[in-house]
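# Compute the structure for the input listed below.
(2 chains)
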2 protein chains.
Amino acid sequence: MQLLKDRIRAEGRVLPGNIIKVDGFLNHRVDTKLMREMAKEFGRLFDLTGLTAVLTVEASGIALGAICAEEFGVPLIFAKKAKSDNIEGGLYQSEIFSYTYKKKVTLLMSSQWLGPKDKVLIIDDFLANGEALRGLVDIVRQAGATLLGLGIAIEKGFQGGGDRLRAQGENVQSLAIIERADENGIVFRDEP
Amino acid sequence: MQLLKDRIRAEGRVLPGNIIKVDGFLNHRVDTKLMREMAKEFGRLFDLTGLTAVLTVEASGIALGAICAEEFGVPLIFAKKAKSDNIEGGLYQSEIFSYTYKKKVTLLMSSQWLGPKDKVLIIDDFLANGEALRGLVDIVRQAGATLLGLGIAIEKGFQGGGDRLRAQGENVQSLAIIERADENGIVFRDEP
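Numbers count the residues shown, from 1 in each chain, chains lettered A, B, ... in the order given. As a prediction, the model looks like this:
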């Protein structure tokens, strides 16, 4: 999506450790007009016939997820990250490794809100190693729900998480795939 | 706001410890149509002339905050909760006490995105003891920005946080104020 790529090039900053900082419009300050354009683009990229819910994970996926859910006329459900051992019953759980916090994190979602009749689209702001998305896909499977696809704003292609999900047969559509980010700038996939 | 009160009465569950569970439409599964109606109601309740940003705090305030920010045509900025001691420079910080997690939490916001020229509206899904909102107000003061008001979906009036903020002169508008919640049901403020 050219609009997003242009914003990344204009405002994104590359930090040591392959960190791409886009907190001026995506995950700290959020440009909601851009989110709406991204939601419309996901609407063009996916066949959302019968969609019943958009899924994401707290925290930074929620803004884009909410705008997408409203765009498609369905609820947003966001998985929570376990912060205590007091986990109630009636929950789908999936353990992932958080590279950001260098530890295991458990994703939780109430089984009340997702079941075999659901057709869902997973939305997230970032895809790097793909652990959070792997956890969400796991939860969709546990629920017996149908996964229509995974829509991502920015994929860090060089970290391989997106291609691993594609190799498993998932329909992953990322609006901007970064293949290289260093002191020489940012290179997107499929660009000369 | 009658629409919200009706939903709370129809779908909210009162748990021991004065916990009011509304995770079917507000803070786990999110009814984005309801969020849009709430955003419009905030637009009627506040004078938003010159508004430059909506502020909230991760995670559950983000969905409502994003819809409000889009409704008012400004960016959303969400404060983050510190998860490590590696706090970068260039940040506003405010320490609050989290009753949910029974510990101190530091709210963080990049000073790059908020300054003396900003006019902001704070939005959150819940107001109980008011610690998170006190932290956000503190950050607005540190930035030298103008606070136009605080818009809340559900206030637990019996916990006093909202009235403490009002006593300090803040313009707090809650769409539903719960005065009592127990085995006999839910009673809203200003209801017979």
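
# Could you find the closest non-adjacent residue to the most centrally placed residue in chain A?
By Cα atoms, centre = their mean, chain A has its centre lying nearest to residue A:124, at 1.7 Å. Nearest residue to residue A:124, sequence neighbours excluded (Cβ to Cβ, 6 or more residues apart in numbering or on different chains): residue A:61, at 4.4 Å. Just so you know, the C-beta spots here come from the backbone N, C-alpha and C atoms, and that holds for glycine as well.

# And stretch A:101-108, what's buried?
A:105, A:106, A:107, A:108 (16 or more other Cβ atoms under 10 Å in any protein chain shown).

# hang on, the earlier thing: does the residue nearest to the centre of chain A touch residue A:55 like I think?
No. Between residue A:124 and residue A:55 there is no contact, the gap being 9.2 Å when judged by Cβ atoms under 8 Å.

# list residues touching both of those two?
Common contact partners of residue A:124 and residue A:55 (Cβ atoms under 8 Å, 6 or more residues apart in numbering or on different chains): A:65, A:136.

# contacting residues around residue A:47?
Counting by Cβ under 8 Å, 6+ apart, residue A:47 has contacts residue A:148.

# Pull up the distance across stretch A:93-111, start to finish.
End-to-end distance for stretch A:93-111, by Cα to Cα, to the nearest Å: 9 Å.

# again with stretch A:52-62
In terms of Cα to Cα, the two terminal residues of stretch A:52-62 are separated by 17 Å.

# just how off-centre is stretch A:157-165 within its chain?
13 Å (Cα atoms, centre = their mean, to the nearest Å).

# Over to stretch A:157-169?
For stretch A:157-169, the distance to the chain centre is 13 Å (Cα atoms, centre = their mean).

# buried residues in that stretch?
Those would be A:157, A:159, A:161, A:162, A:165, for stretch A:157-169 by 16+ other Cβ under 10 Å.

# Now the third one: closest residue in space that isn't a chain neighbour?
Read that as residue A:161. residue A:130 (2.4 Å).

# Now the one you found, what are its backbone angles?
phi 80, psi 10 (degrees, to the nearest 10).

# List the contacts of it.
Counted by Cβ under 8 Å, 6+ apart, residue A:130 has contacts A:159, A:160, A:161, A:162, A:164, A:165.

# now do 7 Å
Residue A:130 is in contact with A:161, A:162, A:164, A:165, counting by Cβ atoms under 7 Å, 6 or more residues apart in numbering or on different chains.

# Take those and keep only those in helices.
Here DSSP state H is the test, and the contacts of residue A:130 give A:161, A:162, A:164, A:165 as lying in helices.

# Can you tell me which of those residues is nearest chain B?
The nearest member of the ones in helices among the contacts of residue A:130 to chain B, counting by Cβ to the nearest Cβ, is residue A:161 at 21.2 Å.

# my read: that closest one touches residue A:126, true?
No. Residue A:161 is beyond contact range of residue A:126, at 9.6 Å (criterion: Cβ atoms under 7 Å).

# Tell me the residues on chain A that lie near chain B, please.
A:23, A:28-32, A:35-36, A:58-59, A:62-63, A:66-67, A:69-70, A:75-78, A:83, A:101, A:110, A:113 (Cβ under 7 Å from any Cβ of the partner chain).

# Okay, helices next: where are they in chain A?
Going by DSSP H, chain A shows helices at A:2-11, A:32-45, A:62-72, A:131-143, A:161-167.

# pLDDT for the ones in helices among the contacts of residue A:130 - can I get that in TSV?
Formatted as TSV, the ones in helices among the contacts of residue A:130 follow (pLDDT from 0 to 100):
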residue	pLDDT
A:161	97
A:162	98
A:164	97
A:165	98
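
# Export the helices of chain A as a markdown table, with columns for distance to residue B:93.
A markdown table is the format used below for those (distance: least, Cβ to Cβ, whole Å):
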| stretch | distance to residue B:93 |
| --- | --- |
| helix A:2-11 | 24 |
| helix A:32-45 | 26 |
| helix A:62-72 | 22 |
| helix A:131-143 | 26 |
| helix A:161-167 | 32 |
